[in-house]
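J.: Can you look at this prediction? I've put the sequence above it.
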Amino acid sequence: MKKNTFFSIHFNADKKIGRYVTYYDRSVIIKATGKNILEETKAAK
């Protein structure tokens, strides 16, 4: 299964890296399993 990974960098006022976040495209996993567990978890709260 191929999944795409993305990243985002936030710079602070001093032009230094303040935050680095990685995330991936879950659509491949959702399509394969037929479930979106993240949405189901959010709905249960």
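T.: Received the coordinates, thanks. Numbering: from 1, shown residues only.
J.: which regions of this protein sit below the pLDDT cut-off?
T.: Counting by pLDDT under 70, the chain has low-confidence residues at 1.
J.: Do you have the helices of it handy? List them.
T.: Ranges of helices in the chain, per DSSP state H, are 27-33, 37-44.
J.: Tabulate these in a markdown table, adding columns for mean neighbour count and distance to Ser8.
T.: Where you see a C-beta, it was placed from the backbone N, CA and C, and this is true even at glycine. Shown next, in a markdown table, are the helices of the chain (neighbours: other C-beta atoms under 10 Å; distance: least, C-beta to C-beta, whole Å):
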| stretch | mean neighbour count | distance to Ser8 |
| --- | --- | --- |
| helix 27-33 | 12 | 18 |
| helix 37-44 | 9 | 18 |
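J.: Can you tell me which of those is nearest to Ile17?
T.: helix 37-44 (26.5 Å; C-beta to C-beta).
J.: who's in contact with the spatially most central residue of the chain?
T.: Among the residues of the chain, the one closest to the centroid is Tyr23, at 3.3 Å (C-alpha atoms, centre = their mean). Going by C-beta atoms under 8 Å, 6 or more residues apart in numbering, Tyr23 touches 5-8.
J.: Now flag whichever of those residues is closest to Gly18.
T.: When the contacts of Tyr23 are compared for distance to Gly18 (C-beta to C-beta), Ser8 wins out at 11.4 Å.
J.: so the closest one makes contact with Val21?
T.: Yes. Counting by C-beta atoms under 8 Å, Ser8 does reach Val21; the two are 4.8 Å apart.
J.: got the phi/psi numbers for the residue in the chain sticking out farthest from the centre?
T.: Centroid-distance maximum for the chain: Asp14 at 26.6 Å, with C-alpha atoms, centre = their mean. Main-chain dihedrals, Asp14, degrees, to the nearest 10: phi -90, psi 10.
J.: That one and Val21, how far apart?
T.: 19 Å (C-beta to C-beta, to the nearest Å).
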